[in-house]
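S.K.: Coordinates for the following, if possible.
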Amino acid sequence: MADTPFVLRDISGKGKGLFATRPITRGERVLAEAPLITQRQPVSNATILLALARLSDTDQRRYFNLANASVGLLAPPLGMFKTNALPCGDHDQSRGLAVDTAAIFPLGSRFNSSCEPNVNNYWNESLNQITFWAVRDIAEGEELCICYGTPLAKRADRRARLESSFRFVCNCVACAREGAALKESDDRRVSISRLYDEIATCGSNPRSRRAETLKLLEAENLLGSHGASFYYDAFQFCISVADVRNAKAWVTKAWEGYCVERGPQSSDAVKMAAYMQDPRAHPAFDLLPRKTLVGPD
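M.R.: Take a look at the predicted model:
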């Protein structure tokens, strides 16, 4: 894949990782890749061996060269799958989203984790491929990282989850903070999570939470990977009170965010584009007493 803007390199004490070979622009697609093997729950060593038997010798070697965080706990094929599999669909436990299908990808499974990711992974159903998108500008030589865990939590909770599932202590740029900087970061991330819940169910003006949420997301370098759903929630609240003008402004921001996070052809970006054309098509239109709110600007 000579057109990919990265290279796979060894990392001392960390195995391997993907590094940018040139500057990568925010919103640029970094990689699109078909699965090596796909598994639906419940997955077992037997189902994985059956899938591996269908692969060529070369692809089998690619599979068995992957990391295994469950050495001594699970049979190697199963341990490698659980260590490296990525979801084939929307999977965000913090937002109540889960899928029962996951897959191994020759290059996609090589992305390391960061709680301040510069890349977002998205399963594109129409392509039957996983896609990876730069959520901010990335410099040449920078490591490309997705987020394995739930970033909107305190460091201790993030680390505990990653150590339990992947047997490593996260020391990414966010987790490396100490002292006052760590406390401020923890407080910001917990506040973001709370504000997301409030905006999704609020009975107040979305702008009353917007400035605070955006400031916190920017401070944690998470706006590129988490802004779109925030904008969409604000759109839904505006359209529910039939404030079409401001709803359109919010959904335009959501469309821009999903284009960066998931690509312009993703189902979310396509849905936002449709609502930009006709906000009244949303099922929540005019469900609440009418009033005029404010837009994102």
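S.K.: Show me what counts as buried in the helix or strand of the chain with the lowest mean pLDDT.
M.R.: Taking mean pLDDT, DSSP states H and E as the measure, the helix or strand of the chain with the lowest value is helix 207-219, at a mean of 81. Within helix 207-219, the residues that count as buried by 16 or more other CB atoms under 10 Å are Arg207, Arg209, Arg210, Thr213, Leu214, Leu216, Leu217. For glycine as for every other residue, the C-beta is placed from the backbone atoms N, C-alpha and C.
S.K.: With stretch 144-153 instead?
M.R.: By neighbour count on 16+ other CB under 10 Å, the buried set for stretch 144-153 is Leu144, Cys145, Ile146, Cys147, Tyr148, Gly149, Thr150, Pro151, Leu152, Ala153.
S.K.: Using CSV, write out every CA atom in that stretch.
M.R.: Extracted in CSV, the C-alpha atoms of stretch 144-153 (Å, rounded to 0.1, in the frame of the first residue of the first chain):
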residue,chain,number,x,y,z
LEU,A,144,-0.7,7.8,14.6
CYS,A,145,-2.9,6.7,17.5
ILE,A,146,-6.6,5.8,18.0
CYS,A,147,-8.2,5.5,21.4
TYR,A,148,-8.8,2.0,22.7
GLY,A,149,-10.7,3.0,25.8
THR,A,150,-13.1,5.7,27.1
PRO,A,151,-11.3,9.0,27.0
LEU,A,152,-13.9,10.9,29.0
ALA,A,153,-12.9,9.5,32.4
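S.K.: From the chain's centroid, how far away is that stretch?
M.R.: Mean-position distance between stretch 144-153 and its chain equals 7 Å (CA atoms, centre = their mean, to the nearest Å).
S.K.: Check stretch 253-269 too.
M.R.: In this view, stretch 253-269 has its centroid 12 Å away from the chain centroid, taken as CA atoms, centre = their mean.
S.K.: So which bits of it are buried?
M.R.: Here stretch 253-269 shows 253-263, 266-269 as buried, counting by 16+ other CB under 10 Å.
S.K.: what's near enough to touch Glu212?
M.R.: Contact analysis of Glu212 by CB atoms under 8 Å, 6 or more residues apart in numbering lists Ser191, Leu195.
S.K.: rerun that using 10 Å as the cut-off
M.R.: Ser191, Ile192, Leu195 (CB atoms under 10 Å, 6 or more residues apart in numbering).
S.K.: Do I have it right that the second one meets Leu152?
M.R.: Yes: between Ile192 and Leu152 a contact is recorded at 5.3 Å, counting by CB atoms under 10 Å.
S.K.: Okay, the residue nearest the centre of the chain and Glu212: tell me how far apart.
M.R.: Central residue of the chain (CA atoms, centre = their mean): Asn120, 4.5 Å from the mean position. Separation of Asn120 from Glu212 (CB to CB, to the nearest Å): 23 Å.
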